[in-house]
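Q: Next comes the sequence, and after it the predicted model I'd like to discuss.
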Amino acid sequence: MKTLNVAIIGTKFMGKAHSNAWLNAPRFFEMGIRPVLKVAVGVDPAGARRLAETWGWEEWSTDWREVVARPDVDIVDIATPTYLHHEMAVAAAEHGKHIFLEKPFSLTIEQARQMVDAAEKAGVVHYVNHNYRRAPAIRLAKKLIDDGFVGRIFHWRSAYLQDWIVDPNFPLTWHLRAETAGYGAHGDLGSHSVDLARYLIGDITSVTGMTTTFIKERPLPGAGAATFSAGSGESTESGPVTVDDASFFIAEFANGALGSFEVSRFAPGRKNYNYFEVYGSEGSIVFNLERMNELQVFSRNDPAYAQGFRTILATEGAHHDYIANWWPPGHIIGYEHEFHHAVVDFMQAIETGGTIAPNFHDGLREMEVLAAAVESSQTGKKVTVGKQ
């Protein structure tokens, strides 16, 4: 079997999720090209070594530039904070590597354009890992929409809610600084919602939005709960939060549908509540990631005496994408399986000389939508997407 060597940059949450997928995808799926876990890269030597030893990477390094330039590396997996995406992706493209990239895509639209240009010039396969597209229930939603189940689409409603920074003593991590994260919940969570909306409904043409920051100052990492006021004579152990904590925007789609997008990290009790509703002339579809194997559907074409939302368990291998490679019907899959599906599709795109979605072009369009919503929040006006 043909093999291609993978280098992963990033050793934390996403590094583990991606490593699991690279390692195990060939054990469950027939793949024309087998990925080889060649080298793991991290800024912390101990962390890089630990990831390599735990997940079976042959080597580890702390020098991503050297690794990206290596002739024995074919694929670069970028699982790092957002501020590193642009430089790493452009470098990988310039060295002719296929690129598997975590979201959010970039810090700015200009960075996004440069990343698209570099990848296209290099002729490599490029992918932005919006893994939720590859949940079987969401693939079923796409099929139902394409088959006309909901008819003409009128509404998209989405909410992506978490609660992990409600505590004001949560430290000022990179996620809460504009120079490293770009946006806050608006980019981290909103990028997923925008991607799903574009996948299921279509292009977004204009937006009207608002954002807010509820807690404007937080302890520096390692400072604990202690903070000191400026001018008190004490050296400060806190810093300003420079991203949004929550955002809300409404949107117009190219097909005439209207949409709403709500994201927040300040929703107590919501751990990873990625939720959407689609309403059309013939029916409706509802999805909640916290019940990711299920899809709720309503059809106006059912007999009047039997109408109502019903729940489909998307675990039948004969009918639902990817499931035939996992467990018997009714044995649910989880968050990590979407990453496996992405690896399989990514490698198939390389093998066939094709493409995979979402790719860097989708990443650019996503950034244009997010930026337009921020501009609207700042100006109080509706903004046309792509005019930034």
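A: Everything's here; your move.

Q: If you drop the residues flanking it in sequence, what lies closest to residue 373?
A: residue 209 (3.5 Å; Cβ to Cβ, 6 or more residues apart in numbering). Just so you know, the C-beta spots here come from the backbone N, C-alpha and C atoms, and that holds for glycine as well.

Q: and the gap between residue 189 and residue 18?
A: 19 Å (Cβ to Cβ, to the nearest Å).

Q: quick one, phi/psi of residue 108?
A: When read as degrees, to the nearest 10, the backbone of residue 108 gives phi -140, psi 170.

Q: Please give me every residue in contact with it.
A: 182, 367, 371 (Cβ atoms under 8 Å, 6 or more residues apart in numbering).

Q: Just the ones in helices from these, please.
A: Judged by DSSP state H, helices contain the following of the contacts of residue 108: 367, 371.

Q: Would you tell me which one of the contacts of residue 108 comes nearest to residue 345?
A: Taking Cβ to Cβ as the measure, residue 345 lies nearest residue 367 of the contacts of residue 108, at 22.3 Å.

Q: Now for the nearest residue to the closest one once chain neighbours are set aside: which residues touch it?
A: What sits nearest to residue 367 in space, not counting adjacent residues and going by Cβ to Cβ, 6+ apart, is residue 112, at 4.5 Å. For residue 112, the contacting residues are 105-106, 360, 363-364, 367, by Cβ under 8 Å, 6+ apart.

Q: Just send those back as a markdown table, with secondary structure and neighbour count too.
A: Shown next, in a markdown table, are those (DSSP: H, G, I helix; E, B strand; the rest coil; neighbours: other Cβ atoms under 10 Å):
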| residue | secondary structure | neighbour count |
| --- | --- | --- |
| 105 | coil | 32 |
| 106 | coil | 27 |
| 360 | helix | 25 |
| 363 | helix | 28 |
| 364 | helix | 21 |
| 367 | helix | 27 |
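
Q: The residue nearest to residue 160 when sequence neighbours are not counted and residue 266: what is the separation?
A: Distances taken as Cβ to Cβ, 6+ apart put residue 189 closest to residue 160, at 4.0 Å, once the chain neighbours are dropped. Distance from residue 189 to residue 266, counting by Cβ to Cβ: 11 Å.

Q: Give me the more crowded residue out of the two.
A: Ranked by neighbour count (other Cβ atoms under 10 Å), residue 189 and residue 266 place residue 189 first, with 27 against 17.

Q: any idea of the pLDDT on the more buried one?
A: According to the prediction, residue 189 has pLDDT 98.

Q: does it really touch residue 265, like I thought?
A: Yes. If you go by Cβ atoms under 8 Å, residue 189 and residue 265 touch, sitting 7.5 Å apart.

Q: shared neighbours of these two, anything?
A: Counting by Cβ under 8 Å, 6+ apart, the residues touching both residue 189 and residue 265 are 161-162.

Q: any idea whether residue 378 is helix, strand or coil?
A: helix (DSSP: H, G, I helix; E, B strand; the rest coil).

Q: Work out the gap between stretch 124-141 and the centre of the chain.
A: Distance of stretch 124-141 from the chain centroid (Cα atoms, centre = their mean, to the nearest Å) equals 9 Å.

Q: That stretch: end-to-end distance?
A: 30 Å (Cα to Cα, to the nearest Å).

Q: Do you have the helices of the chain handy? List them.
A: Under DSSP H, the chain gives helices at 13-28, 45-55, 64-69, 85-94, 109-122, 136-146, 178-181, 185-188, 190-200, 335-352, 360-379.

Q: now the angle from the first one to helix 45-55?
A: Using axes from the mean of the first three to the mean of the last three Cα atoms, to 10 degrees, one finds that helix 13-28 and helix 45-55 are set 20 degrees apart in direction.

Q: try the longest one
A: What separates the directions of helix 360-379 and helix 45-55 is an angle of 130 degrees, with the same axes, to 10 degrees.

Q: The residue nearest to residue 160 and residue 245: what is the separation?
A: On the measure of Cβ to Cβ, residue 189 and residue 245 end up 11 Å apart.

Q: Overlap of the contact sets of these two?
A: Common contact partners of residue 189 and residue 245 (Cβ under 8 Å, 6+ apart): 264-265.

Q: excluding its backbone neighbours, what's nearest the most centrally placed residue in the chain?
A: What sits nearest the mean C-alpha location of the chain, by Cα atoms, centre = their mean, is residue 130, with 3.5 Å. In this structure, residue 130 finds its nearest non-sequential neighbour in residue 195, 4.2 Å apart by Cβ to Cβ, 6+ apart.

Q: Could you check how far that neighbour is from residue 370?
A: Shown here: residue 195 relative to residue 370, a distance of 11 Å by Cβ to Cβ.

Q: All set, thanks.
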